[in-house]
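In: Have a look; sequence and predicted model below, questions after that.
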Amino acid sequence: MAQPMAETQSSSVVRYEALGDSITYGIPMAFRVDRLGHPRRAVTRFQGWPALLGQMLAAKTGTPIEIFNNGYPGDRVGEFRIERVPELIDAGDRSSRVLLLIGTNDSNDFHPTPSGRGCAAEACSNTYNGLMRSIIQSLEEAGRETIYVATLPPVWGSRLDSPYADPLDLSAASRNARIVEFNEVIVRELLALPGVKSGPDFFSCFLTPTVNRFSLFRDTLHPNALGYVFMAALWRDTLTGVPAAAPLEACPAPIYILESLDPYAHGHKQDLLEVGDTYYTDESFVLDLVPGELANGIWVTQANSDRNNRDENFLTFDVGQAPVSVYIAHDPGGTPPRSSSHEFRPVTLSADLRVSDPKVGALSLVGAVGVTGTVSIGGNRSGHGAPPQQSYVVVVVP
């Protein structure tokens, strides 16, 4: 049986197969993570978490890593069993290690897959339990010696654009009620099978009774770029033997992220942005030029429709105990928002933060350095000066 990567220091390439749906297939991005867990700009572009994980594992272990991304958007376990597994087997024995994350699409409201929790024999037919067992058996028969099965991340709403009021209220959050059952099947039954090991507990690392990390998702189903870096780092820690937290207990973030950021009241999200990315959650304006000082920052985005908000505590988040720099990029035609926690002063960087919005051209910047703990910033009009035409964006640089 394959050993954890922490014990593998061979110069030969170590290969994995990542199997799943659109959450595995992912989105293109160009970021890596340094030894302190800070996302950094990278030249290479990655698709989803598998290729990014390969780079993280290589940096962690000193061993060349190759991870095949076999994520198929829209797949359910039944489709994956019938259509994908034979294709993977026909492709040959590319690896003896599999990273399996699938089942989110089986939780839908219009045609859900029964969990098969505790089932036996014929009662398992066409259930999540039975189909996953069949997938695992077929992969093992085809030479895959170790199969890591991760728990499914939470779903934040039954529609992509409409989040649940409380994603842990399983009487109302119907998809999460099913996902919890699927995850119980994984933890209590599938992980007891020979050759099967525990992957990351994605559910608890995104959602517990005390932690909600919906701010790492671009809609109610798919992670954003920072969310994918988060997932890849969780895989890295699992494969290198970092102890996991108990289910539904606080899951320490494997990378630097902002905590206590409320994604519900005003739709605030945290992400990794680069030139060509949109910087509002409800507009198509994109970044045209990003100063080098902001290149490795975490961007806190909001809806431009909130540009007339005057609340004194419109945006709050926790940057942690290590000092960081916080910048507010605001409409130069107006006044920057007030902060009840820190003093922000005008700053000049190596280049302008240029945007495609013709009304603005380039955003002005105010900043605070050596920031720790909670940051509280008012609404776009809280500065009580000249009315800005567009809303602001925050960048936190570790």
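Out: That came through, no problem. Numbers count the residues shown, from 1 in each chain.

In: How about the contacts made by Val395?
Out: Val395 sits next to 294, 297-300, 326-327, 329 when contact means C-beta atoms under 8 Å, 6 or more residues apart in numbering. (Glycine included, C-beta is placed from N, CA and C.)

In: quick one: low-confidence ranges for the protein?
Out: Applying pLDDT under 70 to the chain picks out residues 1-11, 93, 248.

In: can I assume Tyr25 is in contact with Phe46?
Out: No: in this structure, Tyr25 is not within contact of Phe46 by C-beta atoms under 8 Å, at 11.8 Å.

In: Among the contacts of Val395, which are located in strands?
Out: The strands, defined by DSSP state E, take in 298-300, 326-327, 329 from the contacts of Val395.

In: how near is Ser376 to Arg159?
Out: 31 Å (C-beta to C-beta, to the nearest Å).

In: which one of those two has more residues nearby?
Out: Ser376 (15 against 12; other C-beta atoms under 10 Å).

In: Let's verify that one: helix, strand, or coil?
Out: Classification of Ser376 by DSSP: H, G, I helix; E, B strand; the rest coil places it in strand.

In: Report the central residue of this structure.
Out: Gly227 (1.6 Å; C-alpha atoms, centre = their mean).

In: residues touching the residue lying closest to it once chain neighbours are set aside, list them.
Out: Leaving aside its sequence neighbours, Gly227 sits nearest to Leu216 (C-beta to C-beta, 6 or more residues apart in numbering; 3.6 Å). If a contact means C-beta under 8 Å, 6+ apart, then Leu216 has 206, 223-224, 226-227, 230, 257, 269-270 as its contacts.

In: Now Leu216: phi and psi?
Out: Backbone torsions of Leu216, given as degrees, to the nearest 10, read phi -100, psi 10.

In: Sticking with Leu88, tell me its helix or strand.
Out: Assigned by DSSP states H and E, Leu88 belongs to helix 85-90.

In: could you point out which element follows that helix?
Out: For helix 85-90, the following helix or strand on the C-terminal side (DSSP H and E) is strand 97-101.

In: List the contacts of that next one.
Out: By C-beta under 8 Å, 6+ apart, the list of residues contacting strand 97-101 from outside reads 2, 14-21, 23-24, 50, 67, 135-136, 139, 144-150, 152, 199, 202, 235.

In: Now, these that are in strands?
Out: 14-20, 67, 146-150, 199.

In: of all the residues you listed, which comes closest to Pro86?
Out: Of all the ones in strands among the contacts of strand 97-101, the one with the least separation from Pro86 (C-beta to C-beta) is Leu19, at 12.9 Å.

In: Confirm for me that the closest one is in contact with Val77.
Out: No: contact status for Leu19 versus Val77: not in contact, 10.7 Å apart, counting by C-beta under 8 Å.

In: tell me, what's touching those two both at once?
Out: Joint contacts of Leu19 and Val77 (C-beta under 8 Å, 6+ apart) are Ile102.

In: Looking at these two, which has the bigger crowd around it?
Out: Leu19 (27 against 23).

In: list the contacts for that one?
Out: 70-71, 80, 84, 88, 98-102.

In: Next: Leu191.
Out: If you count contacts by C-beta under 8 Å, 6+ apart, then Leu191 has 149, 197-198 around it.

In: Give me the buried entries from these.
Out: Buried by 16 or more other C-beta atoms under 10 Å: 149, 197, out of those.

In: Would you format the contacts of Leu191 as TSV with distance to Gln390 included?
Out: As requested, the contacts of Leu191 are exported to TSV (distance: C-beta to C-beta, whole Å):
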residue	distance to Gln390
Val149	46
Lys197	49
Ser198	46
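
In: Of the contacts of Leu191, which is the nearest to Val369?
Out: Set against Val369, the nearest of those by C-beta to C-beta is Ser198 (41.4 Å).

In: That's all I had, so thanks and see you.
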